[in-house]
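Peer 1: here are the coordinates; sequence isn't available:
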């Protein structure tokens, strides 16, 4: 996949099949659009499938004081990796600014038609872009007739009668409902972060943990609690249990911290970047009155993780 840092670098190809959007999560609904892009492009000679996406996320730049700050399902690097896996041939990453948000949608489409090329433009069921989101289906249909390119609307992807959206996936993750998130995403949720040094309490208790700080401060942390997780480190998949929370049994923190204890693991990974994949939500974070009760619960958590691991490996074999 060719990655372009701006639209000027894309170059012109009249047989460009493209779609425009943030595509946060690159979920099953997005996959329908991506697959259709490739399907149309493969039916044309010398064609390409092109995604135009934005970084930072528009809602980060255009903060709404009446709404909570956006929490990302995918960073730009994760999105690009998912586009690559979906076999998209080109992606242009537009630096989203307040100035860009005021772009006239008619001028933007004219630029794309003349400088990038448009054979077919695919839009989602609620597609809108440009100043005040006036680049809607009605305007795009008018412009497609003027410039002689095709426009195709992809309906919302329904799963058991419910429309999939990035917002619904965020809600599922923030409630600890990994199964629903998985069914909508089409893959297990993960988080890429740096391993930083902590207070060393876990090691003194015989349960050394890796403190993982997300690379992007806007990346969504799932609900506070204990999880069965895994990570690929130096080519080997290691399983473990993770806690997201404020550590109320010890010294309560201001913000949630992600701590991971890997099973059968004895490697130095401070200052390493690792990706944590969340498999199962085990329980809510708790405050324990004594250290013995805390350690007893951790033993139960570990046993539950081993049971889940056995099931996972048996299904894979």
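Peer 2: Here it is on my side, so go on. This is a predicted model, so every value here is computed, not measured.
Peer 1: tell me which residues touch residue 263, please.
Peer 2: The contact partners of residue 263, by C-beta atoms under 8 Å, 6 or more residues apart in numbering, come to 238, 239, 240, 302, 305, 306. All C-beta spots, glycine's among them, are computed from the backbone N, C-alpha and C.
Peer 1: 7 Å instead?
Peer 2: Applying C-beta atoms under 7 Å, 6 or more residues apart in numbering to residue 263 gives the contacts 239, 240.
Peer 1: tell me how far it lies from residue 116.
Peer 2: Separation of residue 263 from residue 116 (C-beta to C-beta, to the nearest Å) stands at 50 Å.
Peer 1: now the helices for the protein?
Peer 2: Counting by DSSP state H, the segments of the chain that form helices are 28-42, 58-61, 76-85, 98-101, 105-111, 137-147, 166-174, 178-185, 201-204, 291-316.
Peer 1: relative to residue 5, which of these is closest?
Peer 2: For residue 5, the closest of the helices of the chain is helix 76-85, at 11.1 Å, according to C-beta to C-beta.
Peer 1: could I get the average pLDDT for that closest one?
Peer 2: Helix 76-85 shows a mean pLDDT of 97.
Peer 1: so what touches that helix?
Peer 2: With C-beta under 7 Å, 6+ apart, helix 76-85 has contacts from 1, 3, 23, 26, 51, 53, 55, 74, 91, 93, 192.
Peer 1: please identify the buried residues of that helix?
Peer 2: Using 16 or more other C-beta atoms under 10 Å as the test for burial, helix 76-85 gives 76, 78, 79, 80, 82, 83.
Peer 1: tell me the angle that helix makes with helix 178-185.
Peer 2: Angle between the axes of helix 76-85 and helix 178-185 is 60 degrees (criterion: axes from the mean of the first three to the mean of the last three C-alpha atoms, to 10 degrees).
Peer 1: ok, so of the buried residues of helix 76-85, who is nearest residue 45?
Peer 2: Distance to residue 45, by C-beta to C-beta, is smallest for residue 83 among those, at 22.9 Å.
Peer 1: how's the chain carved up into domains?
Peer 2: Per the record, the chain has its domains at 2-163, 188-316, by automatic domain parsing.
Peer 1: would you turn the ones you listed into JSON lines with distance to residue 170?
Peer 2: JSON lines is the format used below for the domains of the chain (distance: least, C-beta to C-beta, whole Å):
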{"stretch": "domain 2-163", "distance to residue 170": "6"}
{"stretch": "domain 188-316", "distance to residue 170": "6"}
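Peer 1: and the helices of the chain: which comes nearest residue 228?
Peer 2: Closest among these, using C-beta to C-beta: helix 291-316, at 4.6 Å.
Peer 1: and that closest one, how far out from the chain's middle?
Peer 2: For helix 291-316, the separation from the chain centroid amounts to 27 Å (computed by C-alpha atoms, centre = their mean, to the nearest Å).
Peer 1: residues of that helix that come out buried?
Peer 2: Neighbour count says helix 291-316 has 294, 298, 301, 302, 304, 305, 308, 309 buried, by 16+ other C-beta under 10 Å.
Peer 1: state the distance from the nearest residue to the second one once chain neighbours are set aside to residue 279.
Peer 2: In other words, residue 298. With C-beta to C-beta, 6 or more residues apart in numbering as the criterion, residue 298 has its nearest non-adjacent residue at 6.3 Å, and that residue is residue 207. For residue 207, the distance to residue 279 equals 19 Å [C-beta to C-beta].
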